[in-house]
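Q: Coordinates for the following, if possible.
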Amino acid sequence: MVKERSTFMGPRIRRIRRDLGLTQVIMAEDLDVSPSYIALIESNQRPVTASMLLKLAEIYRIDIASLARGSGNDFDAQMAAAFKAPLFADLDLSPIEIQDFGSTFPSTAEAVLRLYTAYQEGQLALADQTGGDSAGPDPVGEARRFLAARKNHFAEIDTQAEGLARNIKRAGGYEKYFADQRLRVRHLPSDVMVGFTRRFDAHRREIVLDESLDNASASFQLALQVAYLEMTDVISDILAGTRFDTETGEKLTRRALANYTAGAIMMPYNAFAKAAKDRFYDIEALGRQFGASFEQIAHRLTTLQKPGYEGVPFFFIRVDAAGNVSKRLDGAGFPFARHGGSCPLWVLHSAFKSPRQVLTQWVELPDGERFFSIVRTVTAGGGGYHAPQIERAVALCCASQHAHKLIYTKNTDISDLQPTPIGVTCRLCHRADCLARAEPPIGRALLSDDYRRPATPFGLADP
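A: Purely as a prediction, here's the structure:
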């Protein structure tokens, strides 16, 4: 008689149960076992047998390969990433200790992860308060802190989005996928849409799109509708552990997660991460492969932070011609200005002189840290003669140690480069010889100009 193979995967089973919204009692009834047995499995005191794996896959329609593969590696990797933080640098924790902790005490380990995430949010909020004027509620700041504390990566969304992407591809595209659910997709003129790009009419069972949308935008809107129909529970679970000071802050964060989901459906994590590495992060080439716009690809590249399968950590920013920041995602540790404008010497602000052209630039901050930036203008709206449109510039940046992985730096000797010296913002930059300076830096005295006037806007005394 062949002995049945078994393995321990308690944290993964527990996460699956929670994702499905089940109690241990309900799962036990579904699997025809006792609740105590489920509790033992989740605490890794009992293994999961092959027959149990098959039953889980059949009842809950879970890919058995994804169930069996890794046995909780994602959870272990998240724990390892959290314990690498400078906060724990003096504890000398070994990988085995961390893995044993997560396996033996999965509930406590998850609590530690939640506390660490809350700590990151608190640090970001403190940075915002000390970096500028706190005049009142800041819903945009709330949403940005929420994303930044999680490095703009949500594994639970990516996992389910990959399944949805497979289903859509199997159906033959978005319209056929919706047709299988008795939903019709219609494309109507802009004057009929009266200011909307997408509208879901539950009564008529139809999804209506503005016919002037380009292919990438139309695909994104359909993927976004899939997100709102299929993934609202997942998004709500992600938000459940966070207290927002403003209702607008929560709505902006929910919208950001829905947009994240749409991007994950259009560009499934594993396929996209592999393609990005294979193509050396060529944004335009990736856009053609996945049918996405330059901005959509740049945005998605900031999310490749899955533990063990990370891509290049990028920072993303989008500005208009006046310098207003309308989107900002930090995955590269770039010390962007939380208050006030960024440095005018950054090519991001001159990109409007060369529309639709990819511009690159090496920059160096006052502390000597170097970054590589990829900049291009993008257009929203349009689609017809006299149709309103807005042009913005987007920048994707990474630290210099990752720049060799990009197609934009091929055949470039980094050691011979002279980077552009920039500052985070004028108030925090102490370069005295900058002609572009708009304000004197904090903590520096001004020289009197009674008898002489420097070529720079402000004469600064020695620090």
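Q: Please count neighbours and contacts with C-alpha atoms only from this point.
A: Will do.
Q: all strands of this structure, in order?
A: 6-7, 48-49, 184-188, 198-201, 206-210, 315-320, 325-330, 359-364, 370-381, 389-399, 420-421 (DSSP state E).
Q: Give the pairing partners of the fifth one; include direction for each.
A: Sheet partners assigned to strand 206-210 using DSSP bridges are listed as strand 184-188 (parallel), strand 198-201 (antiparallel).
Q: Only the buried residues of the shortest one, if you could.
A: For strand 198-201, burial by neighbour count (16 or more other CA atoms under 10 Å) applies to Arg198.
Q: can you list the domain ranges for the protein.
A: Using automatic domain parsing, the domain parsing of the chain gives 6-71, 75-136, 293-423, 430-463.
Q: Would you single out the least confident of those?
A: Among those, domain 75-136 has the lowest mean pLDDT, at a mean of 71.
Q: And for Arg170, the neighbour number?
A: Applying other CA atoms under 10 Å, we find 11 residues neighbouring Arg170.
Q: got a pLDDT number for it?
A: The predicted local confidence for Arg170 is 95.
Q: which non-adjacent residue is nearest Ile442?
A: Once flanking residues are discounted, Ile442 sits nearest to Arg427: 5.5 Å by CA to CA, 6 or more residues apart in numbering.
Q: got it, and Arg370?
A: Glu364 (4.4 Å).
Q: a markdown table please, covering the strands of the chain and showing distance to Asp32.
A: Below are the strands of the chain laid out as a markdown table (distance: least, CA to CA, whole Å):
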| stretch | distance to Asp32 |
| --- | --- |
| strand 6-7 | 18 |
| strand 48-49 | 14 |
| strand 184-188 | 40 |
| strand 198-201 | 40 |
| strand 206-210 | 41 |
| strand 315-320 | 49 |
| strand 325-330 | 46 |
| strand 359-364 | 60 |
| strand 370-381 | 54 |
| strand 389-399 | 51 |
| strand 420-421 | 66 |
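Q: OK, contacts around the residue positioned nearest the centre of the chain?
A: Nearest to the mean C-alpha position of the chain, counting by CA atoms, centre = their mean, stands Asn152 at 2.9 Å. Neighbour list for Asn152: 302-303, 305, 329-331 [criterion: CA atoms under 8 Å, 6 or more residues apart in numbering].
Q: what's the spacing between it and Phe220?
A: Asn152 sits 19 Å away from Phe220, going by CA to CA, to the nearest Å.
Q: Lys169 too?
A: Relative to Phe220, Lys169 is positioned 15 Å away (CA to CA).
Q: Same check on Ala89?
A: Taking CA to CA, one finds Ala89 at 42 Å from Phe220.
Q: Name the residue in the two with the higher neighbour count.
A: Set Ala89 next to Phe220 and count neighbours by other CA under 10 Å: Phe220 wins out with 22 against 10.
Q: what about the nearest residue to that one once chain neighbours are set aside, how many residues close to it?
A: Excluding the flanking residues, the one nearest Phe220 by CA to CA, 6+ apart is Ala262, at 6.2 Å. Ala262 is flanked by 26 other residues according to other CA under 10 Å.
Q: Then His203?
A: 6.
Q: and if you look at the one 10 residues further on?
A: Residues within reach of Leu213, counting by other CA under 10 Å, total 20.
Q: and the gap between it and Ser219?
A: In terms of CA to CA, Leu213 sits 9 Å off from Ser219.
Q: Check Leu348 too.
A: Distance from Leu348 to Ser219, by CA to CA: 28 Å.
Q: Give the residue from the two that has the larger number of neighbours.
A: Between Leu348 and Ser219, counting by other CA under 10 Å, Leu348 is the more crowded of the two (29 against 20).
Q: Spit out the contact partners of that one.
A: 375-376, 393-395.
Q: at 6 Å what do you get?
A: The neighbourhood of Leu348, defined by CA atoms under 6 Å, 6 or more residues apart in numbering, consists of Val375.
Q: Ala143 touches Lys251, doesn't it?
A: No. Ala143 is beyond contact range of Lys251, at 8.6 Å (criterion: CA atoms under 6 Å).
Q: rewinding a little: looking at the domains of the chain, which is buried most?
A: Highest mean neighbour count of the domains of the chain: domain 293-423, a mean of 18 (counted as mean count of other CA atoms under 10 Å).
Q: What is the burial count for Glu247?
A: That count, for Glu247 with other CA under 10 Å as the rule, works out to 10.
Q: Could you check what's spatially nearest to it, not counting adjacent residues?
A: Per CA to CA, 6+ apart, closest to Glu247 is Pro139, 7.9 Å.
Q: follow-up on the earlier one: Phe371 is nearest to which of the strands paired with strand 206-210?
A: strand 198-201 (38.0 Å; CA to CA).
Q: can you give me the mean pLDDT across that closest one?
A: 93.
Q: For Ala143 and Lys251, work out which one has more neighbours and name it.
A: The neighbour comparison of Ala143 against Lys251 (other CA under 10 Å) goes to Ala143, with 21 against 15.
Q: what about the more buried one, distance to Thr253?
A: Ala143 sits 5 Å away from Thr253, taking CA to CA as the criterion.
Q: Could you do Tyr228 as well?
A: As defined by CA to CA, Tyr228 lies at a distance of 14 Å from Thr253.
Q: Which one of the two is surrounded by more residues?
A: Using other CA under 10 Å as the criterion, Tyr228 and Thr253 rank with Thr253 on top: 23 against 17.
Q: mind listing what the more buried one touches?
A: Ala143.
Q: if we go to 10 Å?
A: Applying CA atoms under 10 Å, 6 or more residues apart in numbering to Thr253 gives the contacts 139-140, 142-147, 235, 239, 244, 247, 259.
Q: just the buried members of those?
A: So, by 16+ other CA under 10 Å, the buried ones in the contacts of Thr253 are 139-140, 142-147, 235, 239, 244, 259.
Q: Tell me what the residue lying closest to Leu417 once chain neighbours are set aside is bridged to.
A: Ranked by CA to CA, 6+ apart and with sequence neighbours excluded, the top spatial neighbour of Leu417 is Trp362, at 8.0 Å. Here Trp362 sits in beta bridges with Phe372, going by DSSP bridges.
Q: Relative to Cys398, how far out is Trp362?
A: Distance from Trp362 to Cys398, by CA to CA: 10 Å.
Q: which residues do those two both contact?
A: With CA under 10 Å, 6+ apart, Trp362 and Cys398 have common neighbours 370-374.
Q: quick check, nearest of those to Arg431?
A: Distances from Arg431 to those, taken by CA to CA, are shortest for Arg370, at 15.8 Å.
Q: residue contacts, the closest one?
A: 334, 362-364, 398-401, 419-422.
Q: run the last query once more with 7 Å
A: 363-364, 399-400 (CA atoms under 7 Å, 6 or more residues apart in numbering).
Q: I'd like the residues you listed written out as JSON lines, with distance to Asp63 added.
A: Below are the contacts of Arg370 laid out as JSON lines (distance: CA to CA, whole Å):
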{"residue": "Val363", "distance to Asp63": "45"}
{"residue": "Glu364", "distance to Asp63": "47"}
{"residue": "Ala399", "distance to Asp63": "37"}
{"residue": "Ser400", "distance to Asp63": "39"}
